[in-house]
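> What follows is a predicted protein model with its sequence.
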Amino acid sequence: MRLPMSPDHLHDSQCFSLTAARLGRGLFLFLACAAGPACAQTSGSLGLVSEYAVRGISLSGGRPALQLRIDHDMADGWYAGGFASPVKLGNDGRQAGLVVYGGRAGSLPSGLSWDAGLSRTIFLSSHEYDYTEFHAGIALDQAIASLFVSPAYYGNKPSAYLDLNAFQPLGERLRLTLD
């Protein structure tokens, strides 16, 4: 579940001193930094996993997979992103799988956080497995409940999936997680 960004992640007001030769660029940076907090945050990651599995089903044929993720979060809770990974579906061989997603997350005065959005999963060589999925979830302290609904999961029948997660810190670097 995507939780709202904390206020300390919403802005970075550091400006760097520049030499006189870079005065024009320095003036632009100064004005950009002095304008106030940033309205968005973009991040990306590149990772290697020992196996790519979704809801207990291997999508990498039991092999390692190199994955790329890009996320863009707005200060008002809206977000969008994309994910790419090699996949192996049935006898179709290896191909690329792409997921694009977007939604909104927020907080309620009660301390609950919420998240709702949709995603589209696309397989570049096997479009019969493509699907759209809607999700909605709530979180309180160390527990999260999310419902995922698809009209044609992996190009097949409608599906609904309830994901319940909880964790308990056991120390500074250790926690017990229940999925």
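Arrived safely.

> contacts, neighbours, all on C-alpha from now
Will do.

> next SSE after the helix or strand of the chain with the lowest mean pLDDT?
Of the helices and strands making up the chain, the lowest-confidence element is helix 23-34, at a mean of 43, by mean pLDDT, DSSP states H and E. Scanning forward in sequence from helix 23-34 by DSSP states H and E, the next helix or strand is strand 40-49.

> Going by neighbour count, which residues in that next one are buried?
Going by neighbour count (16 or more other CA atoms under 10 Å), the buried part of strand 40-49 is Ala40.

> Run through who's touching it.
Strand 40-49 has contacts (CA atoms under 8 Å, 6 or more residues apart in numbering) with 10, 64-75.

> Likewise for stretch 87-101?
Applying CA under 8 Å, 6+ apart, the external contacts of stretch 87-101 come out as 52, 59-61, 80-86, 117-126.

> chain center to it: distance?
19 Å (CA atoms, centre = their mean, to the nearest Å).

> Buried ones in it, by neighbour count?
In stretch 87-101, counting by 16+ other CA under 10 Å, buried: Val87, Lys88, Leu89, Gln95, Gly97, Leu98, Val99, Val100, Tyr101.

> Send over it as CSV, restricted to the C-alpha atoms.
Taking Å, rounded to 0.1, in the frame of the first residue of the first chain, the C-alpha atoms of stretch 87-101 are listed here in CSV:
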residue,chain,number,x,y,z
VAL,A,87,8.5,-12.9,-17.7
LYS,A,88,7.9,-16.4,-18.9
LEU,A,89,4.3,-17.4,-19.5
GLY,A,90,3.5,-21.0,-20.3
ASN,A,91,5.2,-22.1,-23.5
ASP,A,92,5.5,-18.6,-24.9
GLY,A,93,9.1,-18.2,-24.0
ARG,A,94,10.7,-15.2,-22.3
GLN,A,95,9.2,-11.7,-23.0
ALA,A,96,8.8,-8.4,-21.2
GLY,A,97,6.0,-7.7,-18.8
LEU,A,98,5.0,-4.0,-18.1
VAL,A,99,2.8,-2.6,-15.4
VAL,A,100,1.6,1.0,-15.5
TYR,A,101,-0.4,2.2,-12.5
